[in-house]
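Trainee: Show me the folded form of this:
(2 chains)
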Amino acid sequence: MNFEHVLAHHLIDEKLFHLTIAHVSLGSTVIPVDLGLSPLILSMWGAALLLTAFLTFAARSRSEAGRVARGMVEPVLLYLRDENIVPIFGGHSEQFTPFFLTVFFFILACNLFGLVPFTEGTTSNIAVTAAMATCTLVMIVAVGIREQGFLGYFKHLVPSGVPWWLYWLLFLIELLVLVAKCFALCIRLFANMLAGHIASLTFIFLIFILSQTSHSLGAGSAPAAVGLALFSYLLDVLIAFLQAYIFMILSAVFVGMSVHPH
Amino acid sequence: MDKLLQPDPGLMIWTIITFLCLLAILKKFAWGPLLGAIDEREYRLKEERLAAEKARSEAERIQKELEEKLAGVHAQSRELLAAAAKDGESLRAKLKAQAEADAQAIKEKTAAELAAEKNRLVAELRGHVADLSVQAAERLIRKSMDAGVQKAVLDGFFKDLETTKAGRN
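Mentor: Residues are numbered from 1 along each chain as shown, chains lettered A, B, ... in the order given. Purely as a prediction, here's the structure:
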């Protein structure tokens, strides 16, 4: 039994069918842009559909269950909006609130949905987190350009009062920082969620590794391994909330910095 | 395992499409109504609090006004009482003075009347005495001489005087 194969089987997304529309070449490697569906995309849609259904139900239903759902969602919304988004954006918060709430709830839904057996861990795929980080990057630049003008935004990337010969160096560094911030967002979410899955799998796999030495050793280690896997699984639930929040609040801080440059 | 770190562009595109669709749908069907309801509730609470505060300040204002009015009424009533007491006092003094004046006038009038009556009586008496004196003198002259006669004459005169007096009364 090869651990690497098991991990790859669980974590790498295989397309159900291929629909290649273009090819992107990065140096020597050529990556196909394949719009074919995969279990991961279906999982993501499942999470999004469940989220939409739940939130719409909470917002619209007048029944007792709707009231309970609203009671669950409203404190979270109030906390995110009044304690996080409003302090960052102040008077502009109205127009940014839907974006950041959607970021939080989408990532949270994907994180939690990935913990359900027989679904794919959507956010433990680097393409998904990269796409979300790209949305944040576009938001940062678009909002910055809208608030300060195209030239103004790029001018304000570098602090004022810098000598001209240092300006271009700092400009390049700041551009790099901008991309690095989003790259960090992408890697943080991806690594955290992937680590959770790998930890659970590793604990379960411990049983099979040990049973290759001796069957009784494998059987004896099973309760401890399952217990540890369950613990890691519970930890994942906590991390699902934590990482969704971190992704949202960091995105909000970055976008907020381009609304108020100083 | 290299594939784990290689982002799939197709998946990225699908993720972005899904996210944007979700953003549009949730904005319309979830965030709008949910945040609207929260805002409306907060607005209502704020309005109610403001209204309550306004009502309280209004009540305080009215209370203060009433207290001021009451103090004014108290002062006015005290003034009125003082004025009434003063009026009463002056009226009493006036009435007393008038009564005293009236009494004095009555006393003077009575005294004057008494004096006039007395004078009249004295004059009348004087007249009678003169008449009687004349009558006594006549009798004295008529019956003349001796002491016995004289005495008899005087006794008779006084007897007459008594009878005259008794008769007038």
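
Trainee: What parts of chain B come near chain A?
Mentor: B:1, B:3-16, B:18-19, B:21-23, B:25-27, B:29-35, B:37-38 (Cβ under 8 Å from any Cβ of the partner chain). In this view, the C-beta of every residue, glycine as well, is placed from N, C-alpha and C.

Trainee: Mark which of these are buried, thanks.
Mentor: Buried members of the residues of chain B next to chain A, counted by 16 or more other Cβ atoms under 10 Å in any protein chain shown: B:4, B:7-16, B:18-19, B:22-23, B:25-27, B:29-31, B:33-35, B:38.

Trainee: Next, A:Gly161: secondary structure please.
Mentor: Look at A:Gly161: counting by DSSP: H, G, I helix; E, B strand; the rest coil, its state is coil.

Trainee: State the number of residues packed around it.
Mentor: Burial of A:Gly161 is recorded as 5 neighbouring residues (other Cβ atoms under 10 Å in any protein chain shown).

Trainee: Return the distance of the longest helix anywhere in chain B from the chain's centre.
Mentor: Longest helix of chain B, by residue count under DSSP state H: helix B:32-143. The chain centre lies 8 Å from the centre of helix B:32-143; the measure is Cα atoms, centre = their mean, to the nearest Å.

Trainee: And it, what does it pack against?
Mentor: helix A:39-60, helix A:64-78, helix B:147-168 (3 or more Cβ pairs under 8 Å, 6 or more residues apart in numbering or on different chains; DSSP states H and E).

Trainee: what's the distance between B:Asp131 and A:Cys110?
Mentor: 161 Å (Cβ to Cβ, to the nearest Å).

Trainee: now swap in B:Arg142 and tell me
Mentor: Applying Cβ to Cβ to B:Arg142 and A:Cys110 gives a distance of 176 Å.

Trainee: Between the two, which has more neighbouring residues?
Mentor: Per other Cβ under 10 Å, whichever of B:Arg142 and A:Cys110 has more neighbours is A:Cys110, with 33 against 8.

Trainee: pretty sure that one contacts A:Met44?
Mentor: Yes. In this structure, A:Cys110 is within contact of A:Met44 by Cβ atoms under 8 Å, at 6.2 Å.

Trainee: what's the overlap in contacts for these two?
Mentor: A:Thr122, A:Val128 (Cβ atoms under 8 Å, 6 or more residues apart in numbering or on different chains).

Trainee: For B:Glu68, the count of nearby residues, please.
Mentor: Neighbour count for B:Glu68, taken as other Cβ under 10 Å: 10.

Trainee: Look at it and report its pLDDT.
Mentor: Looking at B:Glu68, its pLDDT reads 95.

Trainee: Now for it: which residues touch it?
Mentor: Contacts of B:Glu68 by Cβ under 8 Å, 6+ apart: none found.

Trainee: hang on, the earlier thing: can you list which of the buried ones among the residues of chain B next to chain A are found in helices?
Mentor: Per DSSP H, those map to helices at B:9-16, B:18-19, B:22-23, B:25-26, B:33-35, B:38.

Trainee: Counting by contacts, list what the host helix or strand of A:Leu210 packs against.
Mentor: Assigned by DSSP states H and E, A:Leu210 belongs to helix A:164-213. In terms of contacts (3+ Cβ pairs under 8 Å, 6+ apart), helix A:164-213 is packed against helix A:3-11, helix A:126-148, helix A:215-259.

Trainee: Kindly reformat these as CSV containing mean pLDDT and distance to A:Pro32.
Mentor: Converted to CSV, the helices and strands packed on helix A:164-213 look like this (pLDDT from 0 to 100; distance: least, Cβ to Cβ, whole Å):
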stretch, mean pLDDT, distance to A:Pro32
helix A:3-11, 78, 19
helix A:126-148, 92, 13
helix A:215-259, 91, 28
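
Trainee: Identify whichever of those lies nearest to chain B.
Mentor: helix A:126-148 (3.6 Å; Cβ to the nearest Cβ).

Trainee: Tell me which residues of the closest one come out buried.
Mentor: For helix A:126-148, by 16+ other Cβ under 10 Å, it's A:126-137, A:139-141, A:143-144, A:148.

Trainee: After that helix, which helix or strand is next?
Mentor: Following helix A:126-148 toward the C-terminus (DSSP H and E): helix A:150-156.

Trainee: how far does that following helix sit from the chain's center?
Mentor: Relative to its parent chain, helix A:150-156 has a centroid offset of 29 Å by Cα atoms, centre = their mean.

Trainee: Kindly check the end-to-end length of stretch A:54-69 for me.
Mentor: By Cα to Cα, to the nearest Å, the extent of stretch A:54-69 from end to end equals 8 Å.
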